[in-house]
Every structure is written in structure tokens, then in C-alpha cells.
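[1] structure, please.
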Amino acid sequence: MTTEPEVPGPTAAGPAAIGPVDLRHLTRLLAWMSPGFPIGGYTYSHGIEYAVEAGRVRDRDSLVSWIEAILLHGAGWTDAVLFMAAARAVGQGDEAALRWGAERADAMRGSSELALESAAQGTAFLATVQSTWPPAGLDRWAKVLADNGRPPAHAVAVAVVTACAGMDAKAALCAFLHGFAANLVSAGVRLVPLGQTDGQRAIARLDPVLHRVASDAFDADPADLGSRAPLVDWAAMSHETQYTRLFRS
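    Take a look at the predicted model:
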């Protein structure tokens, strides 16, 4: 008679081993959420460029506070809820639910530049994955998005692709939010300007925030959709007429 080996608990030498991880999912998430993935994320600041111009963002602490507000109360939150709605729609084979999420993700933008930021990255993300290493079933869901007559929001595009790949939805959402936050920190580092180490300190401070958003969004009802970040929307709208600009939003 054989017995299952006992799983060791925490010891003085270190914590217990975590459960099995699909390393193929991990490496694909690292690639797809990398700043090197060709979706042009580095060209967008989500209004941070104007926030710096107006003196609202002037150092590491104010940059962290600004991005934290975006994650908790702005596009970070709405995108997280719609990410989960899209991922579940694909998992359940519900095309109508995906159309519902895609329409709201396209409409819930505070300015034309924020709409461009999301739609351009979503379109580029989906097209690049389709032409490089598309997961099984992606063509069906890409057609649903195309037939919807709207460009796919970045969050929806990532949710559809990662769901088709069979990835854990919460892990994929955390990766998406980390990439979103890290891109905004990178914009702040260039605009304030800040040092690279300060940029990493900012990302470290935002890490628990994005995990909180992902956890709350995982359990959220679509009725929880909504944002309350008027200063972020104000900065994004003001950026449209800013005299000198480095970024597209």
C-alpha cells in the first residue's frame, strides 16, 4: 500500500511550496503584459502629462496617489470589472454577455483620448496575438468583437485572449492591472521626472492596491460598474488642448 507524501509546512528554512503553476501561462502573461509587447503603451499617460503640468503630480508620493485613485476609482476599477465579465463570458460560451461587456468598456471613457488609449491598445493587442501565438478558440471570440462594430477595449481584449488560453482569470487580471499601473509609473518617471529607483518604489507601493482591485472585481456584480475620479477625467480632457505634449493621452 502506498501513501501520498506529506506536504511539508513552513519551517525555519522558509515557507511551504506553493501549488503547481502552469509555467506556459506564466511566460505568456509575462510576454503579453511586457512593455515590449507592440501595443504602443509607452505613448499614453492617461492624463498624467497634464497633471504634472498643473502641479497635481510633482513627486513620487503624488504620483502614487494619482495612480492609486485611477486603480481604485477610475479606469482601473471599471476595466477590472469588465475584464472579469468578458473572461466569464468566454468561459461560459456566452456571446451576448461578451457583447454587453465590450460595449460598456468602449463607452465608459472620460475623454476622447482615454477612449483612444484603450481602443488602440486593445486592437493592437488582439491583432498581435492573432498573428503570433493565438490560443485555441480565439477566432470565434475575435469575430464576436469585430461584429460588435466597436474596437475592443484593452481590458476586454486581454480578458478574451487569456480566457481562450485557459488562464486563471484572477491571475490574468492581476497581470493586466500590474502592466497598466507600471505603464503609468513609467510615464510619471519621464514627466516629473523621477529616478528609476523611485519608479520601482512607486510600483511596490501600488502592488497591494492592484491586488485589492483584482480581488474586489472578481466578486463584483456588473451593477458595481462606475467611476468617481473627476480630477483624472479633468486632466485627460485638459490634455487634449495642452500646448506641448509628449504623450497621446
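[2] use CA for all of it now, contacts and neighbours both
    Fine.
[3] residues of stretch 134-151 that come out buried?
    Neighbour counts over stretch 134-151 (16 or more other CA atoms under 10 Å) mark 134, 138, 141-142, 144-145, 150-151 as buried.
[4] would TSV of these with pLDDT be doable?
    Formatted as TSV, those follow (pLDDT from 0 to 100):
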residue	pLDDT
P134	96
L138	97
W141	97
A142	97
V144	97
L145	97
R150	92
P151	94
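[5] quick one: which two of these are the most distant?
    Of all pairs drawn from the buried residues of stretch 134-151, the one with the longest distance (CA to CA) is P134 and R150, at 21.0 Å.
[6] got phi/psi on T244?
    Dihedral angles of T244 (phi, psi; degrees, to the nearest 10) stand at phi -110, psi 130.
[7] count of neighbours near it?
    Residues near T244, counting by other CA atoms under 10 Å, number 10.
[8] list the contacts for it?
    Counting by CA atoms under 8 Å, 6 or more residues apart in numbering, T244 touches no other residue.
[9] what distance do you get for it to V57?
    Counting by CA to CA, to the nearest Å, the gap from T244 to V57 is 17 Å.
[10] could you pull out the helices for this protein?
    Ranges of helices in the chain, per DSSP state H, are 23-32, 48-53, 60-73, 75-92, 95-107, 112-132, 138-147, 154-164, 169-191, 196-218, 230-239.
[11] of all the ones you listed, which lies closest to S249?
    Closest to S249 of those is helix 112-132 (CA to CA; 5.2 Å).
[12] buried residues in that closest one?
    Buried residues in helix 112-132, counted by 16+ other CA under 10 Å: 113-126, 128-129.
[13] now what about it, what contacts it?
    Contacts to helix 112-132, defined as CA under 8 Å, 6+ apart, come from residues 38-41, 44, 46, 106-107, 109, 138-139, 142, 151-158, 161, 236-237, 240, 248-249.
[14] thinking again about what came up before, Throw the buried residues of stretch 134-151 into CSV and include distance to V90, thanks.
    As requested, these are arranged in CSV below (distance: CA to CA, whole Å):
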residue, distance to V90
P134, 15
L138, 10
W141, 8
A142, 11
V144, 11
L145, 12
R150, 18
P151, 18
